[in-house]
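Asks: Any chance you could fold what I've pasted below:
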Amino acid sequence: MAAIDWERIELDYRAGIKTLRQIAEEHGITHGAINKRAKRDGWVRDLSQKIQAKADALVSKAAVSSEVSRESKFTERQVVDANAQTVADVRLAHRHDIHRARRLTNALLSELEQQTDPQTLALLSDLGDALRNPDERGNDKLNDLYQAIISLPERSKTLKVLAESLQKLVDMERTAFGMDKEPPREASQLGEWLAAMGVSGRSALPVVKDAEGDA
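Replies: Numbers count the residues shown, from 1 in each chain. Below you'll find the model as predicted:
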């Protein structure tokens, strides 16, 4: 059985990034044994602030550092660098996902904008009229559903959902880029826009009613 690397365990413990159970599993011991050793030797988990500061620097430069060799002796600086890279990778992944979500939201907004064009609306309405095929009672529920989908209330509801999604993405993006200390003006403008539309809290938009007729 290999000897327990208590020096490495101490450095991981002091780093404050990994949980005790993670450290214990990596070294094949119990977290209770680590707690006992930490109490005996006076270990303190005191490097987390240095790690977070280093992570900020790595994210801003999008740098990727080479991994520290397992055979080398870990110094405090190496522990900070290695753990900061882990945090930086997570934050960079968050930025990528948020960018994808914003791109998709903007694409949906562009699609809604095209649908709202007067000429497009007229064509969609004419198409619905041409395809209308009422039954013996004069009802065409499928066509009524189509007309509801292209109606102003339905498009307004879609705009509300997209605007709220964009506002949330702006907040998430500010967090991912460390802009929380700055006044979130863009998010505030979106909030004012939603309020002006009457969609803050309970929606004030008209509701599309089902077409009258027998089921």
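Asks: So which helix or strand of the protein has the lowest pLDDT on average?
Replies: Every helix and strand of the chain was ranked by mean pLDDT, DSSP states H and E. The lowest is helix 185-197, at a mean of 55.
Asks: correct me, but Leu92 touches Thr86?
Replies: No - taking contacts as C-beta atoms under 8 Å, Leu92 lies outside contact range of Thr86: 11.1 Å. In short, each C-beta sits where N, CA and C put it, glycine included.
Asks: Run through the protein and note the low-pLDDT ranges.
Replies: The model of the chain has pLDDT under 70 over residues 1, 48-49, 60-74, 121, 148, 151-152, 180-215.
Asks: Where is the longest helix in it?
Replies: helix 76-116 (DSSP state H).
Asks: Buried residues in stretch 157-172, which are they?
Replies: When burial is assessed from 16 or more other C-beta atoms under 10 Å, stretch 157-172 yields the following buried residues: 157-160, 162-163, 165-167, 169-172.
Asks: scratch that, stretch 81-101 is what I was asking about
Replies: Neighbour counts over stretch 81-101 (16+ other C-beta under 10 Å) mark 81-85, 87-88, 91, 94, 98, 101 as buried.
Asks: Now render those residues as a markdown table, adding distance to Gln52.
Replies: Formatted as a markdown table, those follow (distance: C-beta to C-beta, whole Å):
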| residue | distance to Gln52 |
| --- | --- |
| Asp81 | 13 |
| Ala82 | 14 |
| Asn83 | 9 |
| Ala84 | 8 |
| Gln85 | 12 |
| Val87 | 7 |
| Ala88 | 10 |
| Arg91 | 11 |
| His94 | 15 |
| Ile98 | 20 |
| Ala101 | 25 |
